[in-house]
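Engineer: Coordinates only, no sequence provided:
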């Protein structure tokens, strides 16, 4: 097994070049062309072996995919299309070169799906494997999605099911669990955990809907462009859980929310496996589903849910209150205030 | 002493916000406005405790300054003006909060000098202190400085003295050395090591000179703009040493070079302290001087050296050979082929 120390940092860099954009190699920095009138969006993630990933539960391919997906999801959460990523790697000398190549393989598999090149990076020695990813994207200023833009009356949209990633992790950690699930269901849940999909596909659909909403009243192109910026969309991704996303948006926008418990989309496999309490716990606090949680007026919200189809849903509305209430229209559960420090397990039991 | 684990990642982030651009806080990613017709330049550095910095030789303030300076220097080496940096931090729980604040203090002292905001980042737990910096800049496509653009006949310009940073390190490691130096000289050399200056100041001067060279022949604005892109400047910074910079440029441009040994600018303090061999060893292989090494036609090269003044010099010329020759016009040293693997110590002894 060839180790990193056997070929050195330069040798490793030479091997990793095949994963990178060919234009960028051999200068002090990478040059990227941005389109006119676009703002630049930047996001950074640090991932440390034993803290954020581990060979015990995650293959290097999956660690690479997940790291890339998380950063692309942060761009999507801002309304931005990706331009490229830069990758900083800290590696112990004893690490196998295969491991590093597999990490890059997984990373580029995800990136290629979204036409995103690796445009630069750095490889250094470190006692602990560390991955630092910085992703760049571009967005027209009128289409920036901010956490702070939610207004009272907005519908809260989720772009897909929640809880699948957490359920997939459970199946990986405890292979004996989920005995009522068939092989296909298990694979789908594990896949949701190992290969999450950043929801960049939502952005052009959202743009089209906001445009057509403006056109209903027969406005000129300039007026449409003005109006577009007057339908601000608030949102973030649900990487830290659906509850966290709604709470962060409400805090940043100084509003409250009511979430309709029965509207939160769950994987159908949960019916055969989890109690309603467990299912909601996974959906609200599980995290890493990388869906978008968006707040926008009712009419475009309905159109968006219709266009996105399966899993997309209006799960609540923005209120003038200072609390985020979880409400059960079937009144099986009493109303509950959502907080970051409490999980759903403190609820129904 | 408050430790990182005492206040947690969120507590630490709150404390570090005062060093960051106020607009960027509280969303999934930072938004930056780029000017039209500018290309985006991106560079990444990973720094690991015990590998790239150490509390034994470097205060956290200096580690922060040097990390910021190195990244700004990479932008300068591409001809780009900085837009902002993103900072990823991996921190052991036992690290003092003071240390982290001092690191940021040093980093922002350097950044503020060049009007560069911290526009984002990530703070995570790690068994080893790790700093990942990604810097963004912008440059007009006609003004990109590339390693690969050197042509036969170009003059090789250094923007300042070389060897000062290595000499400063020597004084820090062996305080008993440099006994012939006065306090002012020692302070200047140590300062060159602890607080290197990225040469962003060179860029507007270079632009002005290239413009005025074009105007001598009374061209229209459009013709000037076309011509500007026809005086390509090759270059990189001397962070890994002057010898390394010349070798990298020659490799990337498929050319050779002759360096005139007596033209390489050295700190005057070297006269009272180092042998000529030691002085050249520091200048060629010491590294971390963060000067620019630029290749351009003789006339603008002379004008640039004249404008920059002290320390700036034409140190050689680009040749059609495949070797980089170190030549002594006083013939005290025989001609020597420069390589990356050999230091100057193998030369005169």
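Structural biologist: Looks like it came in fine. Since this is a predicted model, take the numbers as computed values, not measurements. Numbers count the residues shown, from 1 in each chain, chains lettered A, B, ... in the order given.
Engineer: buried set for the host helix or strand of residue A:247?
Structural biologist: For residue A:247, the element it lies in under DSSP states H and E is helix A:242-253. Taking 16 or more other CB atoms under 10 Å in any protein chain shown as the basis for neighbour counts, the residues of helix A:242-253 that come out buried are A:242, A:243, A:244, A:245, A:246, A:247, A:248, A:249, A:250, A:252, A:253. Heads up, the C-betas are built off the backbone N, CA and C, glycines and all.
Engineer: Show me which positions of stretch A:329-339 end up buried.
Structural biologist: A:333, A:336, A:338.
Engineer: Stretch A:255-269 now?
Structural biologist: Of the residues in stretch A:255-269, those buried by neighbour count under the rule 16+ other CB under 10 Å are A:255, A:256, A:257, A:258, A:259, A:260, A:261, A:264, A:265, A:266, A:267, A:269.
Engineer: What ranges in the stretch 201-349 of chain A fall below the confidence cut-off?
Structural biologist: Residue ranges of the stretch 201-349 of chain A with pLDDT under 70: A:214-230, A:342-349.
Engineer: and it, which of its residues are near chain B?
Structural biologist: Selection of the stretch 201-349 of chain A residues close to chain B by CB under 8 Å from any CB of the partner chain yields A:236, A:237, A:252.
Engineer: how about the strands in the stretch 51-200 of chain A?
Structural biologist: Listed in chain order, the strands of the stretch 51-200 of chain A (DSSP state E, counting those that start in this stretch) span A:81-91, A:118-125, A:130-139, A:155-158.
Engineer: of all those strands, which lies closest to residue A:203?
Structural biologist: With CB to CB as the measure, strand A:81-91 is the member of those nearest residue A:203 (6.7 Å).
Engineer: what's the closest one packed up against?
Structural biologist: Under the contact criterion of 3 or more CB pairs under 8 Å, 6 or more residues apart in numbering or on different chains; DSSP states H and E, the helices and strands touching strand A:81-91 comprise strand A:30-33, helix A:60-77, helix A:97-113, strand A:118-125, strand A:130-139, strand B:39-48, strand B:130-139.
Engineer: The same query, at a cut-off of 6 Å, please.
Structural biologist: Taking 3 or more CB pairs under 6 Å, 6 or more residues apart in numbering or on different chains; DSSP states H and E as contact, the helices and strands that strand A:81-91 lies on are strand A:118-125, strand A:130-139, strand B:39-48, strand B:130-139.
Engineer: Mind checking these for the one nearest to residue A:29?
Structural biologist: Nearest to residue A:29 among the helices and strands packed on strand A:81-91 is strand B:39-48; the distance by CB to CB comes to 3.6 Å.
Engineer: For that closest one, give me every contacting residue.
Structural biologist: Strand B:39-48 is contacted from outside by A:29-34, A:86, A:88, A:90, A:120-122, A:124, A:126, B:53, B:67, B:70-71, B:74-75, B:78, B:80, B:130-137, B:139, B:141, using CB atoms under 6 Å, 6 or more residues apart in numbering or on different chains.
Engineer: Which members of those residues are classed as buried?
Structural biologist: In terms of neighbour count (16+ other CB under 10 Å), the buried residues within the contacts of strand B:39-48 are A:29-32, A:34, A:86, A:88, A:90, A:120-122, A:124, A:126, B:53, B:67, B:70-71, B:74-75, B:78, B:80, B:130-137, B:139.
Engineer: Would you indicate which residues of stretch A:317-328 are buried?
Structural biologist: Burial within stretch A:317-328, assessed by neighbour count using 16+ other CB under 10 Å, is assigned to A:317, A:318, A:319, A:324, A:325, A:326, A:327, A:328.
Engineer: Correction: the previous question concerned stretch A:91-104.
Structural biologist: Buried residues in stretch A:91-104, counted by 16+ other CB under 10 Å: A:91, A:95, A:97, A:99, A:100, A:101, A:102, A:103, A:104.
Engineer: Just give the closest residue to the fourth one, not the sequence neighbours.
Structural biologist: The one in question is residue A:99. Nearest non-adjacent residue to residue A:99, counting by CB to CB, 6 or more residues apart in numbering or on different chains: residue A:60, 4.9 Å away.
Engineer: At the geometric centre of chain A, which residue sits there?
Structural biologist: The central residue of chain A, meaning the one whose C-alpha is nearest the mean C-alpha position (CA atoms, centre = their mean), is residue A:290 at 2.8 Å.
Engineer: just to revisit the earlier point, out of the buried residues of stretch A:255-269, the closest to chain B would be?
Structural biologist: Closest approach to chain B among the buried residues of stretch A:255-269 (CB to the nearest CB): residue A:255, at 14.7 Å.
Engineer: which one is the closest one nearest to, not counting chain neighbours?
Structural biologist: residue A:318 (5.1 Å).
Engineer: give the contact list for the one you found.
Structural biologist: For residue A:318, the set of contacting residues under the criterion of CB under 6 Å, 6+ apart consists of A:150, A:152, A:154, A:255, A:257, A:295.
Engineer: Provide the secondary structure category for it.
Structural biologist: strand (DSSP: H, G, I helix; E, B strand; the rest coil).
Engineer: how near is it to chain B?
Structural biologist: To chain B, residue A:318 is 17 Å away according to CB to the nearest CB, to the nearest Å.
Engineer: Tell me how many other residues surround residue A:14.
Structural biologist: Residue A:14 has 12 neighbours, counted by other CB atoms under 10 Å in any protein chain shown.
Engineer: Residue A:156 bridge partners, please.
Structural biologist: residue A:295, residue A:316 (DSSP bridges).
Engineer: Identify, from the residues of the stretch 201-349 of chain A next to chain B, the entry nearest to residue A:200.
Structural biologist: The shortest approach to residue A:200 among these belongs to residue A:237, at 10.9 Å (CB to CB).
Engineer: Any idea what that closest one is bridged to?
Structural biologist: Applying DSSP bridges to residue A:237 yields these beta-bridge partners: residue A:292.
Engineer: Now do the domain split for chain A, please.
Structural biologist: The record assigns chain A these domain ranges, following automatic domain parsing: A:4-139, A:143-341.
Engineer: quick one, which of these is nearest to residue B:283?
Structural biologist: Taking CB to CB as the measure, those were each checked against residue B:283, and domain A:4-139 came out nearest at 20.5 Å.
Engineer: So what touches stretch A:96-111?
Structural biologist: A:1-3, A:16, A:19, A:60-65, A:68-69.
Engineer: how much space between residue A:233 and residue A:41?
Structural biologist: Per CB to CB, to the nearest Å, residue A:233 is found 15 Å from residue A:41.
Engineer: how many other residues sit next to residue A:18?
Structural biologist: When neighbours are counted by other CB under 10 Å, residue A:18 registers 10.
Engineer: Out of the domains of chain A, which is closest to residue B:286?
Structural biologist: Shortest separation from residue B:286 across the domains of chain A is recorded for domain A:4-139, at 18.8 Å, computed as CB to CB.
Engineer: mean confidence for that closest one?
Structural biologist: If you average the pLDDT over domain A:4-139, you get 90.
Engineer: thinking again about what came up before, list buried residues within the contacts of stretch A:96-111.
Structural biologist: The neighbour-count test (16+ other CB under 10 Å) applied to these identifies A:16, A:19, A:60, A:61, A:62, A:63, A:64, A:65, A:68, A:69 as buried.
Engineer: what's the neighbour count on the residue lying closest to the fifth one once chain neighbours are set aside?
Structural biologist: In other words, residue A:62. In space, residue A:62 comes closest to residue A:194 once its chain neighbours are excluded; the distance is 4.4 Å by CB to CB, 6+ apart. For residue A:194, the count of nearby residues is 20 (other CB under 10 Å).
Engineer: mind checking pLDDT for residue A:194?
Structural biologist: In the predicted model, residue A:194 carries a pLDDT score of 95.
Engineer: What separation is there between it and residue A:276?
Structural biologist: Relative to residue A:276, residue A:194 is positioned 26 Å away (CB to CB).
Engineer: I'd say residue A:130 and residue A:91 touch.
Structural biologist: No - with contact defined as CB atoms under 6 Å, residue A:130 does not reach residue A:91; the gap is 8.0 Å.
Engineer: Need the residues touching each of the two.
Structural biologist: Joint contacts of residue A:130 and residue A:91 (CB under 6 Å, 6+ apart) do not exist.
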